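> Everything below, folded, please.
(one chain, ligands or ions: 1)
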Amino acid sequence: MAPILVLYHSRGGSVRALAEELADSIEAQGVDTLIRCVSEDGSHPQVDLVELSQCSALAFGTPTRFGMMASQAKAMWEQTSEMWLKGELIDKPACVFTSSSSMHGGNEATLLNLATPLLHHGMLLVGVPYDVPALSSTTSGGAPYGASHVSGAHNNAQLSNDEKQICQALGKRLATLTRKLND
Ligand SMILES: Cc1cc2nc3c(=O)[nH]c(=O)nc-3n(C[C@H](O)[C@H](O)[C@H](O)COP(=O)(O)O)c2cc1C
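Here you go, the predicted structure:
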């Protein structure tokens, strides 16, 4: 099975923290990951679109920017018309994640916005079900739509335990479903 691609954009490191947490939880299920950035950030290499077309599944995240995905990621998706024409992502599982500075500053809207191009590509969106206890106890990030983090006005809050647990549950679910689909 091809690796699961964990693809993100992050300027200050908050989304990167979620990406790394997701990758760890996928790897814990014995599934290989490839962590890539939309644009080179010094921590992980920039994605090659071939890696996107060949992945077995995708975890995709950017910061919340005015309630939607970062423009760098939107620009990347606009280069995927050929992949879309060939249907290379159809029936591959996918999940989304984001970080925002404020609690009600549009992180849920961003999760839904991140999902839009994935649905256009025919991907199977994987969310977080309510049997994950942290979804009911979180006082910061984490939603049925995906993993999220509320980073605070100075973008320096660490991931809370609930945010981590929601992120780990999402990674585990993505890995498990991907393996089942590839059996
Ligand atoms: C241009 C811009 C727009 C932003 N828009 C929002 C927003 O709509 N809502 C919000 O809560 N935070 C917003 N933020 C804050 C970031 O989403 C937040 O700091 C996030 O954690 C950054 O993630 P990163 O550390 O991975 O870059 C914005 C930041 C920038 C630079």
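
> Residues of this structure that sit close to the ligand?
Neighbours of the ligand within the chain, by Cβ under 6 Å from any ligand atom: 10-16, 63-67, 99-102, 105-106, 151, 155. Yep, even glycine has a C-beta here, placed from its N, CA and C like the rest.

> Mind doing that once more with 8 Å?
8-17, 62-68, 70, 98-107, 110, 149-151, 155 (Cβ under 8 Å from any ligand atom).

> Mind giving me the ChimeraX command for buried ones among those residues?
Buried subset of those, written as a ChimeraX selection, criterion 16 or more other Cβ atoms under 10 Å:
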select :8,9,10,14,15,16,17,62,63,64,65,68,70,98,99,100,101,106,107,110,149,150,151
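
> Can you tell me which of the residues of the chain next to the ligand end up in strands?
Among the residues of the chain next to the ligand, the members found in strands (DSSP state E) are 8, 62-63, 98-100, 149-150.

> got those as CSV, with pLDDT columns?
Below are those laid out as CSV (pLDDT from 0 to 100):
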residue, pLDDT
Tyr8, 98
Thr62, 98
Pro63, 98
Thr98, 98
Ser99, 98
Ser100, 98
His149, 98
Val150, 98
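
> What strand or helix carries Leu135?
Assigned by DSSP states H and E, Leu135 belongs to helix 134-137.

> If we go by neighbour counts, what in that helix is buried?
Buried, per 16+ other Cβ under 10 Å, within helix 134-137: 134-135.

> quick one, what contacts Gly122?
Contact partners of Gly122, counting by Cβ atoms under 8 Å, 6 or more residues apart in numbering, are 87, 89-91.

> For the ligand, what is the nearest residue in the protein?
Per Cβ to the nearest ligand atom, Gly105 is where the chain lies closest to the ligand, at 2.3 Å.

> ok, now which ones touch that residue?
64, 67.

> State whether Leu114 and Thr98 are indeed in contact, as I suppose.
Yes - at 6.5 Å, Leu114 counts as touching Thr98 under the criterion of Cβ atoms under 8 Å.

> Tell me the residues that contact both of those two, please.
Shared contacts of Leu114 and Thr98, counting by Cβ under 8 Å, 6+ apart, come down to 61-62, 69, 146.

> Among those residues, which one lies nearest to Glu78?
Met69 (11.9 Å; Cβ to Cβ).

> Could you tell me how many residues sit around the closest one?
For Met69, the count of nearby residues is 27 (other Cβ atoms under 10 Å).

> One more: the one 4 residues further on?
When counting by other Cβ under 10 Å, one arrives at 23 neighbours for Ala73.

> measure it to Phe60 for me?
For Ala73, the distance to Phe60 equals 8 Å [Cβ to Cβ, to the nearest Å].

> anything in contact with each of the two?
Shared contacts of Ala73 and Phe60 (Cβ under 8 Å, 6+ apart): Leu114.

> list the buried ones in the longest helix seen in the chain?
Taking DSSP state H as the criterion, the chain has its longest helix at helix 161-182. When burial is assessed from 16+ other Cβ under 10 Å, helix 161-182 yields the following buried residues: 162-175, 178-179.
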